[in-house]
Every structure is written in C-alpha cells, then in structure tokens.
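Engineer: My questions concern the predicted model and sequence given below.
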Amino acid sequence: MPAVTFDQATVAVETDHSPEPKILLDAVTLDLTERRVGIIGANGSGKSTLLRLVNGLVQPTSGMVTVDGDDTVRAVRKVRRHVGFVFTDPLSQLVMPTGREDVELSLRRSVKNGTERRNQADAALQRLNLLHLADQSIYELSGGERQLMALAAVLAVNPKILVLDEPSTLLDLRNRELLRRTLAGLDQQIIMSTHDLDLALEMDRVLVIEQGKVVFDGTPAGAVAAYRALCLHSLQAEGQDIR
Amino acid sequence: MRGHGFLLANYVPGDSLVHRTPLAVKFLLVFACGLASFIIQDWRISTAVLAGLCGLFLLTGAGIKRLWRAIRPLAAVLLVIGLFQWWQLGAPTAARIVLNILVCVVAASLLTATTPVQKLLDGVVKAATPFKRIGADPERFALTIGIMLRSIPYIAGTFADVRDSARARGLERNPRALILPVFITSVAFARQTGEALAARGLGEAED
C-alpha cells in the first residue's frame, strides 16, 4: 500500500474575528499505510482539511505531507495523478452535462485518441454498473447514482489512493449501501471521512479528530467508542440533558 | 436542485445529415447565424432563416419538445425585449430583434444537439492549437467551453430554487431576495468547480 505521511502538519487561517490565526489542524503526525483508513469527528473538527492536505488542495502552513515520498506542495501535480478525490456533493464535482462526458474529461490528458477515450470511459462506467446511465443528464440521476458517477470519473484514471470527503452524507440508506459495496470492491487505498459510524466500523484503522487534533488513532470499535464519549462529554459540558 | 432548464439542447445520438456534417461546417453555421443577426434588417428574412433552422433541428430527430426546452428559458426575456423594442422602435424592428436572437439560439442548439461534447471539445482544441505558439493551452479553451455548458443549467436551477424560497417567504417582489442568493450561490459554485478541477488535475498546463 502507498504511504501517506503527515509530519507535524499544521494548517492555520487568518480570520476577521481574531488577530490570532485560527488553527484548523494542529501539528498532526501520522503514517497511513493501511488499506482503509476512516476519519470521524464533529463538523468543523478538521476532517476535510486533513483530507485536502493529501491531495494538495490545502497546503500546510508548517510541517509537511508526503504521498509515497512526494511532497504535496512541491510535487503537487505528481501527487494529484496518484490521489483521486471524491467530494461530498457530486454536483460540484461533475463538470460535464452527462456522466460519460465527465469520465471522458478525466481521460482527456492521458488518452488523446477520441475512440480509445470513449472505450476506456465506457469500461470505467461498466466497472461500476453505470453504463446504462452514461448519456443521462447528471441532473436526472439520483444522489447515489451521481456519487457513483463522480467516483467512476475519478477511478477512470486509476489512482493509487482514493480520498473521499463524507461521500455518504447526502445519500439515503439504499444508496449508502450501494456506495459501501462499491468501495469494498476497490483495490485502491481508501482514506475517507464519514459521519456514518457503521461505515467507519468497516475500516482497518480509524482516526478521531477533535478541534484540529487527532485524539484517537486505532481500531474502528475503539475509535467509535472514543467519538461517542467525546460527544457525550461535549453535551454535558454545555449543560444539555443527555438522559 | 430543480428547474435546471438548459439554454442549449443536450446531444441526441443519431445519424441524420446534420449529425454527419463535419464539425467545422456546423461551427461556421453558428458563426454565420451570429453574424446574420447583425446584418438582417427585415423580420421576414429572419422568420425564413428561423424556420429553416427549426426545420433542420427537427430533421435531426431531436424532437420539437427538445427545441421548445432550448427556447423556453428565454421566453420571458424575449417578451420583455420585444415589448420594449416595440414601444421604442415599432413592431417590425421588435420582431426582427427577437427573431434574430432565436436564430442564434436555435443554431447553437443544432450544434450541441448533433455533436457529442467531447467531439465539440476536440474541435475547440484543434481550432485553438495555433495559439499554442503564443503560450495558450488549447485544452484550457476546451475546458472553459465544457464548464460553460455545465454552468448555465446550474445557475438556471439556482435561480428557480431561490425564486421558490423567496415565494415561500412572500419576498417574490424583492429583487434583493432573488439576485443576492443567486450571486452568492454562483460564486460558491465557481469556487467548488475550481477545487474539483484542481483535485482532478484538470486545467493544469501540459507536461
């Protein structure tokens, strides 16, 4: 498995409300080599920032992130060729009117011949059983179909690592199950944030993020228990009745 | 999101004469129609050109519904333009202006309904290749066209959603309640699209 390494990676942003920069991620040091890595935590805890560091969409303010030894800042183009990124909302990811056209767009850089590109796009769609939806407008697809279409467009270029930012958040139960089964059948290393604790339990390793820090790193069951405890503690601290 | 009316017709697979016509000829037709809209001064000629284009569109097998769907989003704007021009310049000029706009829309729809987007983009890349000498990236030209085709229905859909929520709050007559949210959503969409393109390594300079 490829190795994603965080070395004291910190992300801080300037805000209007405070003279001090806001710390989104605080000196995170990790070595991710497992096939399936889950990230759980509250909204705004830093999960998306951590994922965006892997693809170079966010650059560390200090520290370093590497993918197979390549710095995500200095070698960002090489890193992006190996790291596919799936966003929460597929509508912001699919940039072409139909799924087939979007998959073909992914392939434009690597496959110059139009017929070959079409064949490879069809093969990528067929792998996820989406060929029958290839020419439908992306607006006519269900949420789950759109998310799988976005996944097909990313997988078409065969990345080594697949990063998914809460891919099941907008999906109903059936589509979540469909996505879960699809992800389970992939060969790529998967690094995924999620609020779906059942999905998190299927990972090999799960991190719990809280206020920009990794507060738990270990087994899925341990991580889910730690996350639940954190939530309860936070509610109690706010004086909420949690009986 | 709903109400994603598409100003231009999506590609309809087929084997009609227009489908088989080389892309360059179809490009030229659209260009010529755009030029003609400035030159034609008689509403009767505009009507004849529009009728011809509509006939060609129907010949492709794309269907009258698709033709109507391409025109419908413009109907309100055309009505306002037509009434204003009628008041200012008289009925013949108003008719000519409205018909000439329709000529451009139907010609562009004819192109998009009979040409797969990837073929269209390949054509744009080919046409833009000479500009490589002055540092332009033809793939970026193509990507820009692709994103434009995708963004029009998104923004139209956003407008429909915002109009509905303004209605639900009794603010349908407040232009600020309509324009500001559409503007903010469109800017957010542009940012998200940029991020998605960057994540996929699209739009970067060739190696």
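Structural biologist: It's in. Residues are numbered from 1 along each chain as shown, chains lettered A, B, ... in the order given.

Engineer: Need the nearest residue in space to residue A:67, chain neighbours excluded.
Structural biologist: Spatially, and ignoring its direct neighbours in sequence, residue A:67 is nearest to residue A:79 (4.9 Å; CB to CB, 6 or more residues apart in numbering or on different chains). C-beta coordinates here come from the backbone N, C-alpha and C atoms, glycine included.

Engineer: where does residue 200 fall, phi/psi-wise?
Structural biologist: Picked chain A for this. Taking degrees, to the nearest 10, you get phi -60, psi -30 for the backbone angles of residue A:200.

Engineer: meant chain B, my bad for not saying
Structural biologist: The phi and psi values for residue B:200, taken as degrees, to the nearest 10, are phi -90, psi 0.

Engineer: my guess is it meets residue A:106, correct?
Structural biologist: Yes - contact criterion CB atoms under 8 Å: residue B:200 and residue A:106 qualify, at 6.2 Å.

Engineer: per-residue pLDDT, the residue nearest to residue A:67?
Structural biologist: Looking at residue A:79, its pLDDT stands at 93.

Engineer: And the contacts of the helix or strand harbouring it?
Structural biologist: Using DSSP states H and E, residue A:79 sits in helix A:76-82. Helix A:76-82 is contacted by residues A:2, A:55-56, A:67-68, A:70-72, A:157, A:159-161, B:198-201, B:204, B:207 when judged by CB atoms under 8 Å, 6 or more residues apart in numbering or on different chains.

Engineer: are any of those buried, and which?
Structural biologist: Applying 16 or more other CB atoms under 10 Å in any protein chain shown to the contacts of helix A:76-82, the neighbour count classes A:2, A:55-56, A:67-68, A:70, A:72, A:157, A:159, A:161, B:198-201, B:204 as buried.

Engineer: for these, which one is nearest residue A:200?
Structural biologist: residue A:161 (18.3 Å; CB to CB).

Engineer: Now for chain A: which helix has the highest residue count?
Structural biologist: Taking DSSP state H as the criterion, chain A has its longest helix at helix A:220-237.

Engineer: Chain B too?
Structural biologist: Longest helix in chain B, counting residues (DSSP H): helix B:138-168.

Engineer: what comes up buried for it?
Structural biologist: Within helix B:138-168, the residues that qualify as buried are B:138-143, B:145-147, B:149-150, B:152-163, B:166, counting by 16+ other CB under 10 Å.

Engineer: next one: stretch A:130-145
Structural biologist: Neighbour counts over stretch A:130-145 (16+ other CB under 10 Å) mark A:130, A:131, A:133, A:134, A:135, A:136, A:138, A:139, A:141, A:143, A:144, A:145 as buried.

Engineer: Leaving out the residues flanking it, which one is nearest to the last one?
Structural biologist: Here the nearest residue to residue A:145 in space, its sequence neighbours aside, is residue A:133; by CB to CB, 6+ apart that works out to 5.8 Å.

Engineer: Tell me if I'm right that that neighbour and residue A:99 touch.
Structural biologist: Yes - under the criterion of CB under 8 Å, residue A:133 makes contact with residue A:99 at 5.9 Å.

Engineer: okay, and the common contacts of the two?
Structural biologist: Contacts common to residue A:133 and residue A:99, judged by CB under 8 Å, 6+ apart, are A:125, A:141, A:149.

Engineer: neighbours around residue 83, how many?
Structural biologist: In the absence of a named chain, chain A is used. Using other CB atoms under 10 Å in any protein chain shown, residue A:83 has 30 other residues around it.

Engineer: could you do chain B instead?
Structural biologist: Neighbour count for residue B:83, taken as other CB under 10 Å: 12.

Engineer: Could you verify that it is part of a helix?
Structural biologist: Yes - judged by DSSP: H, G, I helix; E, B strand; the rest coil, residue B:83 forms part of a helix.

Engineer: Report pLDDT for it.
Structural biologist: As predicted, residue B:83 sits at a pLDDT of 94.

Engineer: swap in residue A:218?
Structural biologist: Per-residue pLDDT puts residue A:218 at 95.

Engineer: I'd like the distance between it and chain B.
Structural biologist: Distance of residue A:218 to chain B, computed by CB to the nearest CB, to the nearest Å: 29 Å.

Engineer: Identify the residues contacting that residue.
Structural biologist: A:205, A:206.

Engineer: So which helix or strand of chain A has the lowest pLDDT on average?
Structural biologist: Using mean pLDDT, DSSP states H and E, the weakest-scoring helix or strand in chain A turns out to be helix A:173-184, at a mean of 87.

Engineer: Is residue B:52 in a helix, a strand, or coil?
Structural biologist: Going by three-state DSSP: residue B:52 is helix.

Engineer: How many residues are close by it?
Structural biologist: Look at residue B:52: counted by other CB under 10 Å, it has 12 neighbours.

Engineer: before we move on, the earlier item: out of the shared contacts of residue A:133 and residue A:99, who's nearest chain B?
Structural biologist: Closest approach to chain B among the shared contacts of residue A:133 and residue A:99 (CB to the nearest CB): residue A:141, at 12.0 Å.

Engineer: residue contacts, the residue nearest to residue A:142 when sequence neighbours are not counted?
Structural biologist: Distance criterion CB to CB, 6+ apart; nearest residue to residue A:142, sequence neighbours excluded, is residue A:175 at 6.7 Å. Shown in contact with residue A:175 (CB under 8 Å, 6+ apart): A:142, A:143, A:144, A:145, A:147, A:168.

Engineer: Please repeat the previous calculation with a cut-off of 7 Å.
Structural biologist: Residue A:175 makes contact with A:142, A:143, A:144, according to CB atoms under 7 Å, 6 or more residues apart in numbering or on different chains.

Engineer: quick one: it and chain B, what's the gap?
Structural biologist: Residue A:175 sits 17 Å away from chain B, going by CB to the nearest CB.

Engineer: next structured bit after the least confident helix or strand of chain A?
Structural biologist: strand A:189-193.

Engineer: Double-check the residue nearest to residue A:145 against residue A:141; I have them as touching.
Structural biologist: Yes - Residue A:133 lies in contact with residue A:141 (CB atoms under 7 Å); the separation is 6.1 Å.

Engineer: for chain B, what spans make up the helices?
Structural biologist: B:17-20, B:23-39, B:43-59, B:64-71, B:75-89, B:91-114, B:117-128, B:138-168, B:175-199.

Engineer: circling back to that earlier point, may I ask which of the buried residues of stretch A:130-145 comes out lowest in pLDDT?
Structural biologist: pLDDT across the buried residues of stretch A:130-145 is at its lowest for residue A:139, which sits at 82.

Engineer: Helix, strand, or coil at that residue?
Structural biologist: Secondary structure, three-state DSSP: residue A:139 is helix.
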